[in-house]
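Undergrad: how would this look folded up:
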Amino acid sequence: MKAVTIHQYGSADELIYEDAQQPELKPNDVLVKIYATSINPIDWKVRGGGYPGSDQRQFPLILGWDVSGVIEKLGTEVTGFMIGDEVFGRPDTKRQGTYAEYVAVNFQEIARKPKSIDHTHTAAVPLAGLTAWQGIFDHGKLEAGQKILIHAAAGGVGTYAVQLAKWKGAYVIGTASESNTAFLMELGADEVIDYKNEDFSKKLKDIDVVFDLIGGEVQTKSLDVLKTGGILVSTVGIKDEEAVKAKGMIGVKYMAESRPENLKQLADLIDEGKLRPVIAEVLPLEQAKEAHKKSEKGHTKGKIVLQVVNDK
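TA: Residues are numbered from 1 along each chain as shown. Below is the predicted model of the structure:
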């Protein structure tokens, strides 16, 4: 099969489009013919070699942990799926990834893809959608009528968080550049703060949940707008846990987990027209190097997708 691999850690220039060995199935695996995958920050963090567990990975390494495709083979202990099923998911990040024509993935980490969108759009959902869902609902405990502040609201995870929070019935505030204001309001934001020219910490107060995808000074200032008992949820760690406790708040650091039930909830919302993937750009698999360089610059509106099979 064709795949994009790295033979050592380093810059995006280490990504090579080449022949690779097709994955072998474990008893609980399905073999998925990949139609599309997408870029996430974990991809280039692993590629750089500084990600936890990097010393335990073997080369050549295939990156990528979003998949939308069709099942071609079943492991001996797989239940609930058949050859030909269209599925999507976020495979185990410790295994070989999805910048390839095929991937072996545990059947308990996938779900049937949304019926109303193609594989290219579905590939933009798993990791970012799971991160948003679990962050604001499981960890942030967001309820209808509450106020949530979402940082980096126009990014891959942020666009899902805005839509999901609005669907829940929350008052949604996002930080983004001014050029993304109308776009975020269309997604459901009630208020958008231009992070380049406005200080959100001077405009907001009594926020129930802060969803932080940035960290650093942004996270520190977020403590000034949270109400007592409010929840700070972060994908990048809690900078000052003592300060969070001292102010009577809750700080949660987490990493998204592969949960089929959450994937199904996301798929159902997509098919009901209440959630949509936002795609910044679609590139062929062999242009993964260019996709990484664009992703690392930040400021993309939604997700960058790598197309393996054109299903349009």
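Undergrad: did I read that right, Asp55 in a helix?
TA: Yes: Asp55 sits within a helix when classified using DSSP: H, G, I helix; E, B strand; the rest coil.
Undergrad: grab the nearest non-local neighbour of Val125.
TA: In space, not counting the residues next to it along the chain, Val125 is nearest to Pro277; the distance is 5.5 Å by C-beta to C-beta, 6 or more residues apart in numbering. Yep, even glycine has a C-beta here, placed from its N, CA and C like the rest.
Undergrad: how close does the one you found sit to Pro114?
TA: 9 Å (C-beta to C-beta, to the nearest Å).
Undergrad: which residues do the two both contact?
TA: When contacts are counted by C-beta atoms under 8 Å, 6 or more residues apart in numbering, Pro277 and Pro114 have Thr122, Val125, Ile270 as shared neighbours.
Undergrad: quick one: contacts for the residue nearest to Val125?
TA: Each residue near Pro277 by C-beta under 8 Å, 6+ apart is listed here: Ile117, His121, Thr122, Ala124, Val125, Gly129, Ile270, Gly302, Lys303.
Undergrad: am I right that Gly230 falls within a strand?
TA: Yes: looking at Gly230 with three-state DSSP, it is inside a strand.
Undergrad: in what helix or strand does the residue nearest to Val125 lie?
TA: In the assignment (DSSP states H and E), Pro277 maps to no helix and no strand.
Undergrad: cool, Gln163 as well?
TA: Secondary structure assigned from DSSP H and E places Gln163 in helix 156-168.
Undergrad: angle of the helix or strand following that helix against helix 156-168?
TA: Beyond helix 156-168 in the direction of the C-terminus, DSSP H and E gives the next helix or strand as strand 171-176. Compare the direction of strand 171-176 with that of helix 156-168 by axes from the mean of the first three to the mean of the last three C-alpha atoms, to 10 degrees and you get 160 degrees.
Undergrad: strand 171-176 - what's its average pLDDT?
TA: Averaged over strand 171-176, pLDDT sits at 97.
Undergrad: identify the residue nearest Ala161 in space, chain neighbours excluded?
TA: Across the structure, with C-beta to C-beta, 6+ apart as the measure, the residue nearest Ala161 apart from its sequence neighbours is Ala132 (4.1 Å).
Undergrad: where's the one you found, which helix or strand?
TA: Secondary structure assignment for Ala132, by DSSP H and E: helix 126-133.
Undergrad: quick one: list the elements packing against that helix.
TA: Other helices and strands packing on helix 126-133, by 3 or more C-beta pairs under 8 Å, 6 or more residues apart in numbering; DSSP states H and E, are helix 156-168, helix 260-271.
Undergrad: show residues contacting the shortest one.
TA: Helix 260-271 is contacted by residues 88-89, 108-117, 125-126, 129-130, 133-134, 164, 167, 275-277 when judged by C-beta under 8 Å, 6+ apart.
Undergrad: one more time with 10 Å, if that's ok
TA: The set of residues external to helix 260-271 that reach it, using C-beta atoms under 10 Å, 6 or more residues apart in numbering, is 80, 87-90, 107-117, 121-122, 125-126, 128-130, 132-134, 137-138, 160, 163-164, 167, 256, 259, 274-277.
Undergrad: quick one, what contacts Gly174?
TA: Each residue near Gly174 by C-beta under 10 Å, 6+ apart is listed here: 148-154, 158-159, 161-162, 165, 180-181, 184-185, 187-193, 195, 200, 211.
Undergrad: swap in 6 Å and give it another go.
TA: By C-beta atoms under 6 Å, 6 or more residues apart in numbering, the residues touching Gly174 are Ile150, Ala153, Val162, Leu184, Ala189, Val192.
Undergrad: that one and Phe137, how far apart?
TA: Relative to Phe137, Gly174 is positioned 17 Å away (criterion: C-beta to C-beta).
Undergrad: same question, Gln56
TA: From Gln56 to Phe137 the distance is 32 Å (C-beta to C-beta).
Undergrad: with Gly273 instead?
TA: Look at Gly273 and Phe137: by C-beta to C-beta, they are 20 Å apart.
Undergrad: repeat that for Leu25.
TA: Counting by C-beta to C-beta, the gap from Leu25 to Phe137 is 33 Å.
Undergrad: cool, and Asn28?
TA: Counting by C-beta to C-beta, the gap from Asn28 to Phe137 is 27 Å.
Undergrad: again with Lys26
TA: As judged by C-beta to C-beta, Lys26 and Phe137 stand 31 Å apart.
Undergrad: when those two are compared, which one has more neighbours?
TA: For Lys26 versus Phe137, the count of surrounding residues by other C-beta atoms under 10 Å is larger for Phe137: 18 against 14.
Undergrad: now the more buried one: phi and psi?
TA: Summarising the backbone geometry of Phe137 under the convention degrees, to the nearest 10, its torsions are phi -100, psi -50.
Undergrad: which phi and psi does Val70 have?
TA: Taking degrees, to the nearest 10, you get phi -130, psi 130 for the backbone angles of Val70.
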